[in-house]
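Undergrad: 3D model of this:
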Amino acid sequence: TPAKYVAFMLRDTGCRLVVLHESHAAMQQQVEAEDAAVAAAGSASSTSSTSSTSSSGGGSPPQRTWLMAKHVLVSPLDVEGQEATGGEHGGAGGILAAPPEHPGGPGSTCSIFYTSGSTGNPKGVAIRHRNCHNLIHWWSRLVELQEDDVFLQFSSFSFIMSLRQILPTLHVGARLVVPLGRLDYAHGVYQLGVTKMALTPSALATLQPQRCVDLKIVQVAGEAPSLAQAQMWAARLSKFFIGLGPTELTAHAVTGQFFPMDPQVNIGFPVTSAAADILDPEGQQCPGGGTGELAAAGANVAAGYLNRPELTAPHFTPNPFDPVNKPEMYCTGDYARRLESGRIQFIGRRDRQVKIRGFRVELAHICAAIAPFEGISKVEVVVRNKELVAYLAPSIGEDKLKQLKQLLRAQLPEYMVPTHLVEM
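TA: Residues are numbered from 1 along each chain as shown. So this is what the prediction gives:
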């Protein structure tokens, strides 16, 4: 993850403690340089303004403790600041020795997951304890998790799908296989006895079915599988599920078992303690078979976007259909329709959001990163053959294209960097 992103997320959350593996020690200096640049920009803005209030993001860099570790293991003594050693800012005392009071409870925030944003900065989704509680119990029942199961952690810790791979597995006392690298999951499936997993259809397509001898149950999500892929895996496994669960719904919204003879791909039914509605442009429920926006309500709905009330309000709304039992609703931006069987079929997006290898990407986010580059007056980013392609005007030459590519790699996550830059 680029330092610019890390610095933004740390400022956005007000994070006061960062644990870094020693192999990423350089990240501390890079983040502090980003903080200093933001503070300087804010100071310059406030100086030139008649107002005494600094602009957003200005002011002094936040006080923060950095811990460097060979192995990330926090003991009670570490928390009291008696054993852990910090970065150049000293030990772990002070901030850690007196943590702030936290009210706790089912409605309190337990984690923040960041997704692509159309403004050029990621937006943080506040996940609550009750969201995770619902996820754990629904998922454990759905895939019949048992103590002797071996579950694959396919997703990185920063991706919402990791919650469904980690929390329920540890909750039932099963074994979690954590790949050493992003592309090492096949070894876990083939050699370490993985029995159940959740991953993207693209990743599943890289596996050799005949070598998945212990695999029994799989759920795919993050993008739509082909009908042929779904039928093949459904025929080989005990159970094969297809689901949809954006970050704002704690990675679980609708899912259903797919059977080998099913004639079309669908995403199933609402998860436990949740409801799903198909809404017309006026926000009313569509008649059976009608296409509209998929909205979900219930215990899976997150608290909203951190520090972004203007984004939260139009997407996280009161539920007019069941205000007592499921008072909160999230409008997904996905077009869907309800089949005669009651299952839900995904149709597409109503905006320019796309999925790349299961990651949610706002194309406007990439455009915002490219637009300020010297010499570019117009930019358009599209998806071609499952790859991101950026069209630029006017032509800026090969040397500047290389510079732009390097800049994008420094500012954007790897999956958001366009594969091709095309001059027009």
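Undergrad: okay, now the unreliable bits of this protein?
TA: Filtered on pLDDT under 70, the chain yields the residue ranges 43-62, 71-103, 118-119, 182, 358.
Undergrad: pairing partners for the longest strand along it, with directions?
TA: Scanning the chain for the longest strand, with DSSP state E as the assignment, gives strand 328-338. Using DSSP bridges, strand 328-338 pairs in its sheet with strand 291-298 (antiparallel), strand 316-318 (antiparallel), strand 344-349 (antiparallel).
Undergrad: which residues does it contact?
TA: 244, 246, 248-249, 253, 267, 277-279, 286, 288-298, 301-302, 314-320, 344-351, 353 (C-beta atoms under 8 Å, 6 or more residues apart in numbering). Every C-beta, even on glycine, is put in place using the N, C-alpha and C of the backbone.
Undergrad: tell me which residues in that strand are buried?
TA: 328, 329, 330, 331, 332, 334, 335, 336, 337, 338 (16 or more other C-beta atoms under 10 Å).
Undergrad: next one: stretch 277-287
TA: Buried-residue list, stretch 277-287, by 16+ other C-beta under 10 Å: 277, 278, 279, 286.
Undergrad: specify the beta-bridge partners of the second one.
TA: This means residue 278. Where residue 278 sits in a bridge, its partners, by DSSP bridges, are residue 294.
Undergrad: any idea how far it lies from residue 257?
TA: To residue 257, residue 278 is 21 Å away according to C-beta to C-beta, to the nearest Å.
Undergrad: mind checking the longest helix of this protein?
TA: Longest helix in the chain by number of residues (criterion: DSSP state H): helix 26-48.
Undergrad: who does the next helix or strand after it touch, helix- and strand-wise?
TA: Downstream of helix 26-48, the first helix or strand assigned by DSSP states H and E is strand 65-69. Counting contacts by 3 or more C-beta pairs under 8 Å, 6 or more residues apart in numbering; DSSP states H and E, strand 65-69 packs against strand 17-21.
Undergrad: recalculate using a threshold of 10 Å.
TA: Other elements packing on strand 65-69 under the criterion 3 or more C-beta pairs under 10 Å, 6 or more residues apart in numbering; DSSP states H and E are strand 17-21, helix 26-48.
Undergrad: possible to save the ones you listed as CSV with distance to residue 105 and mean neighbour count?
TA: Output for those, formatted as CSV (distance: least, C-beta to C-beta, whole Å; neighbours: other C-beta atoms under 10 Å):
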stretch, distance to residue 105, mean neighbour count
strand 17-21, 22, 15
helix 26-48, 31, 15
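Undergrad: and these: which comes nearest residue 190?
TA: The minimum distance between residue 190 and those falls on strand 17-21, with 27.1 Å, by C-beta to C-beta.
Undergrad: what's the angle between that closest one and helix 26-48?
TA: 140 degrees (axes from the mean of the first three to the mean of the last three C-alpha atoms, to 10 degrees).
Undergrad: strand 17-21 - contacts with which helices or strands?
TA: Checking 3+ C-beta pairs under 10 Å, 6+ apart, strand 17-21 ends up next to helix 26-48, strand 65-69.
Undergrad: which parts of stretch 384-395 are buried?
TA: 388, 390, 392.
Undergrad: next, the contact list for the second one, please.
TA: If I follow you right, that is residue 390. 363, 366-367, 369-370, 376, 379-382, 404-405, 408, 417-423 (C-beta atoms under 10 Å, 6 or more residues apart in numbering).
Undergrad: and it, what element?
TA: strand 387-393.
Undergrad: using PDB, list the CA coordinates for that strand.
TA: Only the C-alpha atoms of strand 387-393 are listed here, as PDB (Å, rounded to 0.1, in the frame of the first residue of the first chain):
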ATOM      1  CA  GLU A 387      -7.800  -4.900 -17.200                       C
ATOM      2  CA  LEU A 388      -7.800  -1.100 -16.400                       C
ATOM      3  CA  VAL A 389      -7.000   1.100 -19.400                       C
ATOM      4  CA  ALA A 390      -6.400   4.800 -19.100                       C
ATOM      5  CA  TYR A 391      -6.900   7.000 -22.200                       C
ATOM      6  CA  LEU A 392      -4.900  10.300 -22.100                       C
ATOM      7  CA  ALA A 393      -5.100  13.500 -24.100                       C
END
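Undergrad: quick check: next helix or strand after that strand?
TA: Counting by DSSP H and E, what follows strand 387-393 is helix 398-411.
Undergrad: tilt between that next one and helix 26-48?
TA: Using the same axes, to 10 degrees: helix 398-411 against helix 26-48 is 100 degrees.
Undergrad: which residues sit against helix 398-411?
TA: 2-5, 30, 120, 366, 368-370, 372-376, 390, 392, 395-397, 414, 416-418, 421-423.
Undergrad: of those, which belong to helices?
TA: Checked against DSSP H, the contacts of helix 398-411 include these in helices: 3, 4, 5, 30, 366, 368, 369, 370.
Undergrad: make CSV from these and add distance to residue 174 to it.
TA: Output for the ones in helices among the contacts of helix 398-411, formatted as CSV (distance: C-beta to C-beta, whole Å):
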residue, distance to residue 174
3, 36
4, 38
5, 33
30, 38
366, 39
368, 42
369, 41
370, 44
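Undergrad: narrow those to those that are buried.
TA: Buried among those (16+ other C-beta under 10 Å): 3, 4, 5, 30, 366, 368, 369, 370.
Undergrad: host element of the nearest residue to residue 345 once chain neighbours are set aside?
TA: Nearest residue to residue 345, sequence neighbours excluded (C-beta to C-beta, 6 or more residues apart in numbering): residue 266, at 4.8 Å. Secondary-structure assignment from DSSP H and E places residue 266 in no helical or strand segment.
Undergrad: torsion angles phi and psi at residue 266?
TA: Phi and psi for residue 266, reported as degrees, to the nearest 10, are phi -140, psi 170.
Undergrad: check contacts around it.
TA: The neighbours of residue 266, taking C-beta under 10 Å, 6+ apart as the test, are 224, 230, 242, 254, 256, 258, 336-339, 341-346.
Undergrad: just the CA trace of stretch 317-331, in PDB.
TA: Taking C-alpha atoms only, stretch 317-331 is exported to PDB below (Å, rounded to 0.1, in the frame of the first residue of the first chain):
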ATOM      1  CA  THR A 317     -30.900   5.400   5.300                       C
ATOM      2  CA  PRO A 318     -33.700   4.500   7.700                       C
ATOM      3  CA  ASN A 319     -35.500   1.400   6.600                       C
ATOM      4  CA  PRO A 320     -39.100   2.300   5.700                       C
ATOM      5  CA  PHE A 321     -40.200  -1.400   5.300                       C
ATOM      6  CA  ASP A 322     -39.300  -2.700   8.700                       C
ATOM      7  CA  PRO A 323     -38.300   0.200  11.000                       C
ATOM      8  CA  VAL A 324     -38.700  -1.800  14.200                       C
ATOM      9  CA  ASN A 325     -36.700  -5.000  13.600                       C
ATOM     10  CA  LYS A 326     -34.300  -3.800  10.900                       C
ATOM     11  CA  PRO A 327     -34.200   0.000  11.200                       C
ATOM     12  CA  GLU A 328     -31.000   0.600   9.100                       C
ATOM     13  CA  MET A 329     -30.800   0.200   5.300                       C
ATOM     14  CA  TYR A 330     -27.900   0.400   2.900                       C
ATOM     15  CA  CYS A 331     -28.500   1.100  -0.800                       C
END
